[in-house]
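Engineer: Sequence unavailable; structure follows:
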């Protein structure tokens, strides 16, 4: 145990909210031991405090993320010790420090022991500084909301979460979408199949009732914002999130093959042999999706067959699987159980303590694995009422006889459904179990000859072309492109949603000549050394398009808001604000981009200018500029210079010319030498 000055440090790892049979916490404060929190609190009130002057600062700090990060860093350094990680006992001391500054009993923050495991996304039994930041932020938000609820109760009014200041845009759902078919009605709200009114693209729109919010508003907003950034072939693609005064809406990709509830039946009807190899192919895809979620600090909290969709309705031999409805089951609750999740899949700790960890997802997956193996003729929990299902889950009363004909699968599921969440494996450990090898699905499938041929069609493109293609495919229904998804999955060995250079080289070894592999890696990844799922799909879709002009014209018209068949500075500025464009071209300005695209006499970008800029790589642009635009202007010549900032031609004069380099100075840009590759912005007056 590490010394923390005058702070109280508990010896025991037991939490504040004790459960029967657990030893009581023992705290150390200034060399004295206390087993009773009230005694400890009295001692702390009488003793010196390092931070008591900061008692009123936390509410303000909570509003300022950078200030909160500094505050957390200060506490983390004090409590983490030499290993720069918090164990459960050290977290107790930190919680006491936060409680002391707030002037509240730390029990108000909830069960610190279980909170520790909720935020231990790495599953290593420690919290790093980032995990600690999210935990403290959550504790403070819960404390603030409890105070607000008490104030509302005192004033005899209902406390309703306020999302109006959140970074979620407002939009009228029926103005943006044609709600065509109601797909379902859950505890959080309705689900509709819809069509975008502007593009007629099919979408799924899910309603989340704000009055059912079960977490701090900022946590829910963070969760929604995360949904739009997740980028993996086995995770549902979320196109946008918006709100009105009653609901938050999540717009996602539609899937047409149903879910795992009916998958086996439909596969059998299509002549597929339902063996362990077929089952393993489906379950391994689910594991890949959940692994990606956990690695991005997101828990699903409601894994079950209806939340695993089949993207298409044609390939039942190797169905393409997508995980949906992740994370938000925890934040929106409207059920008779009083806890979040689905009875029959919820782990014991959710029933008894009401908190999810990454290991709760493992338990739910185990229950689903059991059901799928039994073709839904038997279920892990056979109760017909909620109390029966709760009792069976808490006792882990599972009949293992239906799995006894495959001991390795039975062993895997038993490990996943251990009563103690600490005894359950992580997803990556699940994926390394012997059963996958026995079922013939230990590794991803090799790359097909057709996929090798498709990879050979890749060509070098500009960063602007990559950015706009990535933005465009971000609105496409990518899961329908099964061959490309399989190709990506075969290269993404660690299921991270990103293919590294090492992964690509290993997957392509002995499949392509080394020189072609080198060229492919450079084309796909450039200097970054990796390629994300969306960027990979953008590059492959562009390579497979027979008519590139059609794709470029579609990009151009999406940017041409005023529909005048040209782009002005405002439209280029809006283009650079797109998330995917911003990620790839973060250091580019409107001036840079407009300079890159040749400019016509009106100061606008025509389609031909746009096409040339996207199809010609930078080195070729510079070569063309220097070889086709010989320097003929001289000092004193009257010229016009196109200003991208003002989007117009300006009268000026050549102030100086360097005959050695070809650089020139203009009176309108004193002190700046214009290089030859920018001479296209100068013309004779």
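Structural biologist: Alright, I've got the coordinates. Treat the numbers as computed from the prediction; the structure is a model and nothing was measured.
Engineer: all strands of the stretch 51-200 of the chain, in order?
Structural biologist: All strands of the stretch 51-200 of the chain, identified by DSSP state E, counting those that start in this stretch, fall at 177-185, 190-196.
Engineer: Deepest-packed of these, please.
Structural biologist: Neighbour counts (mean count of other Cβ atoms under 10 Å) averaged over each of the strands of the stretch 51-200 of the chain peak at strand 190-196, with a mean of 18. Just so you know, the C-beta spots here come from the backbone N, C-alpha and C atoms, and that holds for glycine as well.
Engineer: now what about that one, what contacts it?
Structural biologist: Strand 190-196 has contacts (Cβ atoms under 8 Å, 6 or more residues apart in numbering) with 176-185, 201-207, 251, 254.
Engineer: Could you do stretch 568-578 as well?
Structural biologist: 467-468, 471, 559-562, 567, 581-582, 585, 588-590, 593-594, 603-605, 644-645, 647.
Engineer: buried subset of those residues?
Structural biologist: For these, a burial check counting by 16 or more other Cβ atoms under 10 Å picks out 467-468, 471, 559-560, 567, 581, 585, 588, 590, 593-594, 603-605, 644, 647.
Engineer: The closest residue to residue 684 other than its chain neighbours: what's it in contact with?
Structural biologist: Sequence neighbours aside, residue 639 is the residue nearest to residue 684 in space, at 5.8 Å (criterion: Cβ to Cβ, 6 or more residues apart in numbering). Contacts for residue 639 (Cβ under 8 Å, 6+ apart) come out as 633, 651-654, 666, 682-685.
Engineer: Show me the residue at the heart of this protein, geometrically.
Structural biologist: Nearest to the centroid of the C-alpha atoms of the chain, with distances taken as Cα atoms, centre = their mean, sits residue 230, at 2.8 Å.
Engineer: How about the backbone phi and psi for that residue?
Structural biologist: Residue 230 adopts backbone torsions of phi -70, psi 140, taken as degrees, to the nearest 10.
Engineer: residue boundaries of the helices in the stretch 151-300 of the chain?
Structural biologist: For the stretch 151-300 of the chain, the helices defined by DSSP state H, counting those that start in this stretch cover 173-176, 217-227, 260-269, 276-295.
Engineer: residues of the shortest one that come out buried?
Structural biologist: Across helix 173-176, burial judged by 16+ other Cβ under 10 Å covers 173, 176.
Engineer: Ok, which of the helices of the stretch 151-300 of the chain comes nearest residue 541?
Structural biologist: helix 276-295 (21.6 Å; Cβ to Cβ).
Engineer: Need the contacts of residue 639 in a markdown table (columns: secondary structure).
Structural biologist: Formatted as a markdown table, those follow (DSSP: H, G, I helix; E, B strand; the rest coil):
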| residue | secondary structure |
| --- | --- |
| 633 | coil |
| 651 | strand |
| 652 | strand |
| 653 | strand |
| 654 | strand |
| 666 | strand |
| 682 | strand |
| 683 | strand |
| 684 | strand |
| 685 | coil |
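Engineer: Need the max-distance pair from these.
Structural biologist: Based on Cβ to Cβ, the longest span within the contacts of residue 639 runs between 633 and 651 and measures 14.5 Å.
Engineer: neighbour-wise, which of those two wins?
Structural biologist: residue 633 (15 against 11; other Cβ atoms under 10 Å).
Engineer: what sits against that one?
Structural biologist: Counting by Cβ under 8 Å, 6+ apart, residue 633 touches 639, 654, 657, 664, 679, 682, 684.
Engineer: let's see it at 7 Å
Structural biologist: If a contact means Cβ atoms under 7 Å, 6 or more residues apart in numbering, then residue 633 has 639, 654, 657, 664, 682 as its contacts.
Engineer: can you check residue 456 too?
Structural biologist: If a contact means Cβ under 7 Å, 6+ apart, then residue 456 has no contacts.
Engineer: Pretty sure residue 285 sits against residue 234.
Structural biologist: Yes. With contact defined as Cβ atoms under 7 Å, residue 285 counts as touching residue 234 (5.4 Å).
Engineer: list residues touching both of those two?
Structural biologist: Listed as contacting both residue 285 and residue 234 by Cβ under 7 Å, 6+ apart are residue 321.
Engineer: Give me the more crowded residue out of these two.
Structural biologist: Legend: neighbour count by other Cβ under 10 Å for residue 285 and residue 234, higher for residue 234 (26 against 22).
Engineer: how near is the more buried one to residue 290?
Structural biologist: Between residue 234 and residue 290 the distance is 9 Å, computed by Cβ to Cβ, to the nearest Å.
Engineer: Mutual contacts of the two, please.
Structural biologist: Common contact partners of residue 234 and residue 290 (Cβ under 7 Å, 6+ apart): residue 323.
Engineer: Quick one: distance of stretch 573-588 to the chain centre.
Structural biologist: Averaging C-alpha positions (Cα atoms, centre = their mean, to the nearest Å) puts stretch 573-588 19 Å from its chain's average.
Engineer: For it, buried residues please.
Structural biologist: Neighbour counts using 16+ other Cβ under 10 Å place 575-576, 578, 580-581, 584-585, 588 of stretch 573-588 among the buried residues.
Engineer: and the end-to-end length of that stretch?
Structural biologist: Stretch 573-588 has an end-to-end distance of 10 Å (Cα to Cα, to the nearest Å).
Engineer: Average pLDDT for that stretch, rounded please.
Structural biologist: Mean per-residue pLDDT for stretch 573-588: 77.
Engineer: where's the closest residue to residue 396 other than its chain neighbours, which helix or strand?
Structural biologist: Among residues not flanking residue 396 along the chain, residue 419 sits closest, at 4.7 Å (Cβ to Cβ, 6+ apart). Residue 419 belongs to no helix or strand when elements are defined using DSSP states H and E.
Engineer: And for residue 467?
Structural biologist: Remark: residue 467 resides in helix 463-473, with elements defined by DSSP H and E.
Engineer: which residues touch the residue lying farthest from the centre of the chain?
Structural biologist: Centroid-distance maximum for the chain: residue 636 at 57.3 Å, with Cα atoms, centre = their mean. By Cβ under 7 Å, 6+ apart, the residues touching residue 636 are 653-654.
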